[in-house]
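A.B. asks: turn this into a structure:
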Amino acid sequence: MRVMIHKNIQIICSKSICTLAIFILLITASSAFSQQQGVHRIQSQSLQSALFHAEDKLLQTLDEINYNSGRHPGHTNPVTGKWDPDYLGRDQWTSGFFAGSLWYMYRLTGDDKWKELAQTWTEDLEPMISATHDHDTGFRIFSSYGNGYKILNKRSYYRTLLRAANTLSKRFDPEIGAIKSWDWTGNFPVIIDNLMNLELLFWVAENSDNRRLYSIAKSHAETSLKHHMREDGSSYHIVDFDSNGNVYRKFTTQGAGPNSVWARGQAWAIYGFTMIYRFTGEHKFLDAAEAASQYFIEHLPEDFIPYYDFFEPYSSVRTKDASAAAVAASGFLELYQFTQNTLYLNSAIEILGSLSSSAYATHNSDISSILKESTLHRGFGRVGTSYADYYYLEAIARYKELTGEEFPALQVDNFLFLDQNYPNPFNNRTVIYYSLEQSGETELSVYDLTGRRIQTLVNGQMPAGTYNIPFDASGLSSGVYIYKLRSNGTLLSRKMTLIQ
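C.D. replies: Residues are numbered from 1 along each chain as shown. Here you go, the predicted structure:
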């Protein structure tokens, strides 16, 4: 059965009797979500089957790497199906995805064993928060620590994200208006993948009121929008700039040639520009995401899983890329939330259906990854990758959110905690982070060293939870100040240093 999707219209063409895949696509009219014409639903038991399979493969991976948290799977060997031992290091760009998959498994199942494993593999990546040799800090740290913080509200994870964002920002060149991707090729190469790492900057900017990081991320997004995207909605992989900010050349190290359309790069554009719209609200980024999506969907083959390059001329290296499909599916689900265009929702469901079938999922095999048939680069296909698995699980989680599926209740510990402000020392603006174990009358105030109250930042009844409170020291003189947190009879205090 072939389901061809156009905007809000589905045409079903049956050529033969098809076997049932793990994901069964149904048309329902039982909820507000499914009342829109042409929208499919995925059966909850199909989702559960997919999660059982993912659990089995993650456990198989843990056995394979001997539960060694210093090993972070990247891609499998195309012959053995086992994780390639040369790509298990924390310095690989893929190192954050396995921890991220563990976090998604915890969120999707509520099983505490996944939380404990996710914490262990996440915290092994701490040395990478200061790695300045490439742009992949976001992939490594936001996929791991970012997902962990969203679930646990763990203050040390928050601090790690702040430091990682500062590390990534050091690769920004204001003359070019972009973050340099690589040091090993070109003059100042900027790759389409780099859009994904902007989420770390935007998130930290939003949660710490750091306008500098927001400006860096938005500048890079605008530069990429201007130079990576073609008029037909397709994208270049690499744009190399000279030292004056002029485009030197546009090329690819992944696809079939400079004018080709690398499928995963196109998926990065779909996901990346949608995410950028989430943080900026600027419709030019939403328009770019839609243009990239339209191109991607119009060029998909029968099973909705793209070849690694839409224009690969030689069949000998024309391999499928499940990772591009998984990234695109997750991006489509967020894009649908902003546009309510069922083209994106139906496309995501079609992709998830194919990925969960025996053609792309590793059922009844010894392959260690959840999905197979990904392509690293031209001539290196038919492998499993940690990022295909990660975005596949993310897409399942996003689908469940979108349709109102119930998630398991997660046990998150809250307690009274006052963290060191960040940055510290600071110039005019900083953020104070604290958490409450229970609701109660709460006061957060700043004092000088004589004990004189300078400013009260919080005063009133506050529910249990975590808080990030900005402090503006404009008009104050340089020196050491004390901030104090009072709640439910407990007093905590710390010092901070203002440098004007």
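
A.B. asks: in the helix or strand containing Asn166, what's buried?
C.D. replies: If you go by DSSP states H and E, Asn166 is part of helix 155-169. By 16 or more other Cβ atoms under 10 Å, the buried positions in helix 155-169 come out as 155, 157-169. (C-beta placed from N, C-alpha, C; glycine too.)

A.B. asks: got it, and stretch 46-56?
C.D. replies: Neighbour-count burial for stretch 46-56 [16+ other Cβ under 10 Å]: 46-47, 49-51, 53-55.

A.B. asks: may I see these arranged in a markdown table, with pLDDT as well?
C.D. replies: Output for those, formatted as a markdown table (pLDDT from 0 to 100):
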| residue | pLDDT |
| --- | --- |
| Ser46 | 87 |
| Leu47 | 88 |
| Ser49 | 94 |
| Ala50 | 95 |
| Leu51 | 96 |
| His53 | 97 |
| Ala54 | 98 |
| Glu55 | 98 |
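
A.B. asks: and which of those residues is nearest Glu175?
C.D. replies: Nearest to Glu175 among the buried residues of stretch 46-56 is Ala54, at 44.9 Å by Cβ to Cβ.

A.B. asks: which stretches of the stretch 51-200 of the chain have low pLDDT?
C.D. replies: Along the stretch 51-200 of the chain, no part satisfies pLDDT under 70.

A.B. asks: show me the strands in the stretch 151-300 of the chain, by range?
C.D. replies: 172-173, 178-179, 188-191, 238-241, 247-251 (DSSP state E, counting those that start in this stretch).

A.B. asks: repeat for the stretch 301-450 of the chain
C.D. replies: 417-418, 429-436, 440-447.

A.B. asks: make CSV from those strands and add mean pLDDT to it.
C.D. replies: Below are these laid out as CSV (pLDDT from 0 to 100):
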stretch, mean pLDDT
strand 417-418, 88
strand 429-436, 91
strand 440-447, 95
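
A.B. asks: closest to Ala221 out of those?
C.D. replies: strand 429-436 (23.2 Å).

A.B. asks: now that closest one and strand 440-447, what's the angle there?
C.D. replies: Strand 429-436 and strand 440-447 are oriented at 150 degrees to each other (axes from the mean of the first three to the mean of the last three Cα atoms, to 10 degrees).

A.B. asks: and strand 429-436 with helix 155-169, angle?
C.D. replies: 160 degrees.

A.B. asks: what helices or strands is the longest helix along the chain leaning on?
C.D. replies: The helix that spans the most residues within the chain, counting by DSSP state H, is helix 44-64. Packing contacts for helix 44-64, counted by 3 or more Cβ pairs under 8 Å, 6 or more residues apart in numbering; DSSP states H and E, involve helix 95-109, helix 386-403.

A.B. asks: among those helices, which comes closest to Thr122?
C.D. replies: Here helix 95-109 is closest among the helices and strands packed on helix 44-64 (Cβ to Cβ), at 4.4 Å.

A.B. asks: ok, then the element right after that closest one?
C.D. replies: helix 112-123.

A.B. asks: what residues of that next one count as buried?
C.D. replies: In helix 112-123, counting by 16+ other Cβ under 10 Å, buried: 114-115, 117-119, 121-123.

A.B. asks: the helix or strand just after that helix packs against which elements?
C.D. replies: Under the assignment DSSP H and E, the closest C-terminal helix or strand after helix 112-123 is helix 137. Judged by 3+ Cβ pairs under 8 Å, 6+ apart, helix 137 is in contact with helix 155-169.

A.B. asks: so what touches the helix it packs on?
C.D. replies: Under the criterion Cβ atoms under 8 Å, 6 or more residues apart in numbering, residues 122, 126, 129-132, 135, 137-138, 141-142, 145-146, 148-149, 179, 197, 200-201, 203-205, 207-208, 210, 212-213, 216, 417, 419-420, 422-423, 433, 435, 466, 468 lie in contact with helix 155-169.

A.B. asks: let me know the pLDDT of Ser14.
C.D. replies: For Ser14, the pLDDT comes out at 35.

A.B. asks: what does the one 5 residues further on give?
C.D. replies: At Thr19 the predicted local confidence, pLDDT, stands at 31.

A.B. asks: start at 15 instead
C.D. replies: In the new count, where the first residue is 15, that last one comes out as Thr33.

A.B. asks: where does the residue nearest to Tyr171 when sequence neighbours are not counted land in three-state SS?
C.D. replies: Using Cβ to Cβ, 6 or more residues apart in numbering and skipping the chain neighbours, the partner closest in space to Tyr171 is Tyr163 (4.0 Å). Recorded secondary structure, Tyr163: helix (DSSP: H, G, I helix; E, B strand; the rest coil).

A.B. asks: of the helices and strands packed on helix 58-78, which is nearest Phe324?
C.D. replies: Across the helices and strands packed on helix 58-78, closest to Phe324 is helix 400-417 (Cβ to Cβ), at 18.1 Å.

A.B. asks: ok, Trp198 - how many residues close by?
C.D. replies: 8 (other Cβ atoms under 10 Å).

A.B. asks: revised request: answer the last question for Pro439.
C.D. replies: Neighbours of Pro439 (other Cβ under 10 Å): 12.

A.B. asks: got the contact list for it?
C.D. replies: 510-513.

A.B. asks: of the residues you listed - the most surrounded one?
C.D. replies: Most surrounded of the contacts of Pro439: other Cβ under 10 Å gives Met510, at 21 neighbours.

A.B. asks: need the contact list for the nearest residue to it once chain neighbours are set aside.
C.D. replies: Of all residues not flanking Met510 in the chain, Asn435 sits nearest, at 4.7 Å (Cβ to Cβ, 6+ apart). Residues in contact with Asn435 (Cβ under 8 Å, 6+ apart) are 444-447, 485, 497, 508, 510.

A.B. asks: now swap in Ala303 and tell me
C.D. replies: 283-284, 286-288, 291, 345, 349.

A.B. asks: now swap in Phe352 and tell me
C.D. replies: 288, 291-292, 300.

A.B. asks: same deal with Glu408?
C.D. replies: Per Cβ under 8 Å, 6+ apart, neighbours of Glu408: 114, 118, 344.

A.B. asks: now these as a markdown table including neighbour count and distance to Tyr374?
C.D. replies: Shown next, in a markdown table, are these (neighbours: other Cβ atoms under 10 Å; distance: Cβ to Cβ, whole Å):
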| residue | neighbour count | distance to Tyr374 |
| --- | --- | --- |
| Gly114 | 28 | 20 |
| Tyr118 | 27 | 18 |
| Ser344 | 27 | 15 |
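
A.B. asks: any chance of those in JSON lines, with distance to Thr353 too?
C.D. replies: As requested, these are exported to JSON lines (distance: Cβ to Cβ, whole Å):
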{"residue": "Gly114", "distance to Thr353": "26"}
{"residue": "Tyr118", "distance to Thr353": "25"}
{"residue": "Ser344", "distance to Thr353": "15"}
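
A.B. asks: which of the residues you listed lies closest to Ser368?
C.D. replies: Scanning the contacts of Glu408 for proximity to Ser368, where the rule is Cβ to Cβ, the winner is Ser344, at 14.6 Å.

A.B. asks: roughly how far apart are that closest one and Pro99?
C.D. replies: 29 Å (Cβ to Cβ, to the nearest Å).

A.B. asks: then Asp187?
C.D. replies: From Asp187 to Pro99 the distance is 36 Å (Cβ to Cβ).

A.B. asks: what do you get for Thr353?
C.D. replies: Following Cβ to Cβ, the distance that separates Thr353 from Pro99 is 43 Å.
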